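# Using only what follows, build the 3D model:
(one chain, ligands or ions: 2)
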Amino acid sequence: MAVEETLVLVKPDGVARKLSGEIIRRIEAKGYSVVDLRMVQPERSRLEQHYAEHQGKPFYEPLVAFMLEGPVVAIRVAGDRVIEGFRVLAGTTDPTLAAPGTIRGDFGRDWGLAVQQNLVHGSDSVESAQRELGLWFD
Ligand code: DAT
Ligand code: MG
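Ligands and ions are numbered 1, 2, ... in the order given. Reported below is the predicted structural model:
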């Protein structure tokens with residue numbers, strides 16, 4: 001067993017489309033535990049820290065602007081290999097390419113939305129999870 005914690009964000013599109021409950025349902029149905037949860041209207045500085053690795057990339061500004069459009073639900077999720085496991089539940093970054101059965105594959109891109117509108121964020125490593133959990137849950 002490698003019990004880990006990861007940060008999941010339901011992005012503004014997921015909150016606006018009332019998919020937060022469905023996303024939490026899938027996390028729990030998989031056997032993972034929600035150990036903390038909060039709704040946040042993030043300020044730009046928090047998003048700049050969250051997405052620091054992407055600064056300078058062409059999609060960075062549209063991504064940050066999109067994340068400022070509305071509240072997000074931040075969820076601390078625990079479970080065996082949950083960091084990798086949640087990213088499998090989420091599906092690949094581009095919802096057009098995400099497999100059916102995944103969150104992004106089932107719900108993403110239904111109206112020709114941009115790639116950043118892909119419903120969820122999930123940490124990608126133990127180090128990012130620690131950093132991101134510290135950023136969203138102080
Ligand atoms: P992920 O969210 O799957 O970890 P990422 O960390 O590479 O993906 O990128 C962060 C977010 O930025 C991603 O959820 C959506 C957006 N994004 C990534 N690549 C993009 C691209 N080529 N065009 C537009 N948006 C992109
Ligand atoms: Mg990422």
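
# neighbours around the closest residue in space to R76 that isn't next to it in sequence, how many?
Distances taken as C-beta to C-beta, 6 or more residues apart in numbering place D36 nearest to R76, at 3.9 Å, with adjacent residues excluded. Yep, even glycine has a C-beta here, placed from its N, CA and C like the rest. For D36, the number of neighbouring residues by other C-beta atoms under 10 Å comes to 14.

# Then R25?
Other residues close to R25 by other C-beta under 10 Å number 11.

# same thing with D138?
Neighbour number of D138 under other C-beta under 10 Å is 5.

# who in this structure is up against ligand 1?
Near ligand 1, the residues belonging to the chain are 54, 59, 63, 93, 115-116, 118, 121, 124 when assessed by C-beta under 6 Å from any ligand atom.

# Make TSV from the residues you listed and add pLDDT to it.
Rendered in TSV, the data for the residues of the chain next to ligand 1 read as follows (pLDDT from 0 to 100):
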residue	pLDDT
H54	98
F59	96
L63	97
T93	97
V115	92
Q116	92
N118	97
H121	98
D124	98
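
# so of the residues you listed, which ones are in helices?
L63 (DSSP state H).

# Redo the residues of the chain next to ligand 1 as TSV? Include neighbour count.
Converted to TSV, those look like this (neighbours: other C-beta atoms under 10 Å):
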residue	neighbour count
H54	14
F59	13
L63	20
T93	13
V115	17
Q116	17
N118	24
H121	23
D124	15
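
# In strands, which of the residues of the chain next to ligand 1 appear?
If you go by DSSP state E, those have H121 in strands.

# returning to that earlier point: the residue nearest to R76 in helix, strand or coil?
Of the three states, D36 takes strand under DSSP: H, G, I helix; E, B strand; the rest coil.

# residues touching the residue nearest the centre of the chain, list them.
Nearest to the geometric centre of the chain sits H121, at 1.6 Å (C-alpha atoms, centre = their mean). With contacts defined as C-beta atoms under 8 Å, 6 or more residues apart in numbering, the neighbours of H121 are 7-9, 11.

# Quickly find the element holding the residue lying closest to E132 once chain neighbours are set aside.
Using C-beta to C-beta, 6+ apart and skipping the chain neighbours, the partner closest in space to E132 is L7 (4.1 Å). According to DSSP states H and E, L7 maps onto strand 3-10.
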